[in-house]
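> whatever this is, show me its structure:
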Amino acid sequence: QVRLKQSEGGSVQIGGSLTLSCAASGWTYNSPCMGWFRQAPGTERDTVAYIYPDGATPYYADSVKGRFTISRDNAKNTVYLQMNSLKPEDTAIYYCAAGLGCSAFTYWGRGTQVTVSS
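Take a look at the predicted model:
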């Protein structure tokens, strides 16, 4: 059974940085596409970024381009999200996900809260 274990989020000040990680266990196929999504209160879950198995050409939402970096360690089946220059609008529950393809994420982490405030 595939499980995604996310690191804890946290509270950071505006302009601060935070790195999230997510380790996939039980994956028996080729390296999965892995991504990060977020959901703020009262909104739908949005895509933040995702990265293909070979790490080439990651996708970023416009709202995070230039501030967030997604990376992966295939040996550990782990994906990271480095978040810099954080803004209050980045406050949300962040979920990692994995799937055979980047258009169909099948497995989801439990989510972790990230709060950005002054």
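> helix or strand for the residue nearest the centre of the chain, which one?
Residue closest to the average C-alpha location in the chain (CA atoms, centre = their mean): W36, at 2.5 Å. Assigned by DSSP states H and E, W36 belongs to strand 33-39.
> packing partners of that strand?
strand 18-25, strand 46-51, strand 68-73, strand 78-83, strand 92-99 (3 or more CB pairs under 8 Å, 6 or more residues apart in numbering; DSSP states H and E). Heads up, the C-betas are built off the backbone N, CA and C, glycines and all.
> just the buried positions in it, please.
For strand 33-39, the neighbour count (16 or more other CB atoms under 10 Å) marks C33, M34, G35, W36, F37, R38 as buried.
> what is the nearest of the residues you listed to L100?
C33 (7.2 Å; CB to CB).
> hang on, isn't that closest one packed against A49?
No. Counting by CB atoms under 8 Å, A49 is not a contact partner of C33; they are 11.3 Å apart.
> and L20, what does it touch?
Q6, S7, G9, W36, Y80, L81, M83, Y94, C96, T112, V114 (CB atoms under 8 Å, 6 or more residues apart in numbering).
> skip the chain neighbours and tell me the closest residue to the first one.
When you say that, I think you mean Q6. Leaving aside its sequence neighbours, Q6 sits nearest to G109 (CB to CB, 6 or more residues apart in numbering; 4.2 Å).
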